[in-house]
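>>> for reference, the sequence and a predicted model appear below.
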Amino acid sequence: MKITEVNNKQTQQAFLDVARIIYKSDENWICPLDNDIEAVFDPKKNNFHQHGKCTRWVLTDDDGKLLGRVAAFINDKKAYNYEQPTGGMGFFESVNDEKVAFLLFDTAKTWLKNNGMQAMDGPINFGENDNFWGLLAEGFVPPSYGMNYNPPYYKKFFDDYGFHTLYEQITNHVDAHKPFPERFTKIAEWVAQKPGYEFRHFDSAQIEKFAADFIEIYNDGWRDFENFVPITHATIMESFRKMKPLMDEKLIWFAYVNGEPASFVVILPDANQMIKGINGKLNLIGKLKFVYNRWRGVKRMRAIVMGTKQAYQKHGLESGLFIKVKEYVLPLKQYDELELSWVGDFNDKMIALHHSMGGVFGKKHVTMRYIFE
């Protein structure tokens, strides 16, 4: 077998093609956009390159047949927040052969060790954890946009190599045609009508204001979580730019208390239902299919991220936000499902919110760590 670092157009294409080979007979898999994957490794499109570095490889057999791929990266803002300096590995794909998988793991580990790391987390992304993050362990159904999908046999590779689970990421599903449970609705409606409480949906004409509000809420609400790194203006603006082709502004809501930004939820129509069948290629034909699929109607929404300032985390603002979404969605009779993805098993408040909304289990991803000898 031969491992080759990706450093030209030929190896870039091979890196993308590995997944198409692995999943060619898997009806559940939806090919991510080539442009989305390449953007992760492009310093001009991913600002994580400003405080880190990454590389990637493809693996072939002696006849040049593609067998697998892997990437490794170091985020300097997070790597040294752990007991051991910790890098990341991701975009892992492998045929069902342990020798192939272990050689890919070894390649990532060696590069990380040579760059001062003593452990690696995986499979993760060189970016925020709302995309390409975690190993699918339960719920092998068609994925929503940005959510990792993999064959069931990958979990054994990670376990047998010596990875251990750091935390689980739970995704729950809500029937978009049904009203919320009565108790949830009463609380939410009461919150939405409280004096001084205001709810506004996103407006792209005021993108700078909403970006600033997002940063203020997110960095306050998440600051006490382990290894938290504040989100930057550049990162959120890049995220909004990526969302723009998919965005329905009335699915993104902010809550204010006496004019102060207090809470938000970001929900997007599931782009995977728009890109299904284009095989990752957003060329002319792919764009036409994308537009047609969007026109035909998307049936699933995905809640990407939520945040509430710590001072307002027991005020029921999240309930009010979802009531505003439901008031918009129910009359449309377009969406079948809201996917609440993904929430860490350490986030008891968010898990409780999912259950109070009538959410049922959809899938589970795991984020794993391997500590070097």
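Now that the structure is in, tell me what you want to look at.

>>> centre of the chain versus the lowest-mean-pLDDT helix or strand in the chain, how much separation?
The weakest-scoring helix or strand in the chain, judged by mean pLDDT, DSSP states H and E, is helix 284-296 (a mean of 80). Here the centre of helix 284-296 is set off from its chain's centre by 23 Å, with CA atoms, centre = their mean, to the nearest Å.

>>> show me where the stretch 101-250 of the chain has helices.
Here the stretch 101-250 of the chain has its helices, by DSSP state H, counting those that start in this stretch, at 154-161, 182-192, 207-221, 233-243.

>>> mean neighbour count, these: which tops it?
Counting by mean count of other CB atoms under 10 Å, helix 207-221 has the highest mean neighbour count of these, with a mean of 18. Bear in mind the C-beta positions are built from the backbone N, C-alpha and C, glycine included.

>>> from Phe91, how far off is Ile37?
Counting by CB to CB, to the nearest Å, the separation of Ile37 from Phe91 is 7 Å.

>>> same question for Asn219.
To Phe91, Asn219 is 28 Å away according to CB to CB.

>>> same check, this time on Ala311
To Phe91, Ala311 is 39 Å away according to CB to CB.

>>> equivalent analysis for Asp270, please.
As judged by CB to CB, Asp270 and Phe91 stand 21 Å apart.

>>> please parse the chain into its domains.
Per automatic domain parsing, the domain ranges recorded for the chain read 2-153, 177-335.

>>> looking at this, Val18 is in a helix?
Yes - assessed by DSSP: H, G, I helix; E, B strand; the rest coil, Val18 belongs to a helix.

>>> which helix or strand contains the residue nearest to it when sequence neighbours are not counted?
Distance criterion CB to CB, 6 or more residues apart in numbering; nearest residue to Val18, sequence neighbours excluded, is Arg69 at 4.3 Å. Using DSSP states H and E, Arg69 falls within strand 66-75.

>>> average pLDDT for that strand?
Computed over strand 66-75, the mean pLDDT rounds to 97.

>>> about what we covered before: roughly how far apart are the residue nearest to Val18 and Ala19?
Relative to Ala19, Arg69 is positioned 8 Å away (CB to CB).

>>> test my guess that Phe73 contacts His49.
No - if you go by CB atoms under 8 Å, Phe73 and His49 don't touch, sitting 9.3 Å apart.

>>> so for these two, which sits in the more crowded spot?
Ranked by neighbour count (other CB atoms under 10 Å), Phe73 and His49 place Phe73 first, with 28 against 16.

>>> bridge partners for that one, pull those for me.
Legend: beta-bridge partners of Phe73 under DSSP bridges are Cys54, Gly88.

>>> tell me which residues touch it, please.
By CB atoms under 8 Å, 6 or more residues apart in numbering, Phe73 lies in contact with 48, 52-55, 87-90, 126.

>>> with pLDDT, distance to Gln12 and neighbour count added, can I get these in TSV?
Shown next, in TSV, are the contacts of Phe73 (pLDDT from 0 to 100; distance: CB to CB, whole Å; neighbours: other CB atoms under 10 Å):
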residue	pLDDT	distance to Gln12	neighbour count
Phe48	91	19	22
Gly52	95	20	19
Lys53	95	17	16
Cys54	96	14	24
Thr55	97	12	17
Gly87	96	22	29
Gly88	97	20	28
Met89	97	18	26
Gly90	97	16	25
Phe126	93	15	23
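
>>> nearest to Pro43, out of the helices of the stretch 101-250 of the chain?
For these, proximity to Pro43 was assessed by CB to CB; helix 233-243 is nearest, at 12.5 Å.

>>> please export the C-alpha coordinates of that closest one as PDB.
The C-alpha trace of helix 233-243 is given here as PDB (Å, rounded to 0.1, in the frame of the first residue of the first chain):
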ATOM      1  CA  HIS A 233     -16.400  38.000  13.900                       C
ATOM      2  CA  ALA A 234     -14.600  36.500  11.000                       C
ATOM      3  CA  THR A 235     -15.900  33.000  11.800                       C
ATOM      4  CA  ILE A 236     -19.500  33.900  12.200                       C
ATOM      5  CA  MET A 237     -19.500  36.100   9.100                       C
ATOM      6  CA  GLU A 238     -18.000  33.200   7.100                       C
ATOM      7  CA  SER A 239     -20.800  30.900   8.500                       C
ATOM      8  CA  PHE A 240     -23.500  33.400   7.500                       C
ATOM      9  CA  ARG A 241     -22.000  33.700   4.100                       C
ATOM     10  CA  LYS A 242     -22.100  29.900   3.700                       C
ATOM     11  CA  MET A 243     -25.700  29.800   5.000                       C
END
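
>>> before I go, just wanted to say thanks for your time.
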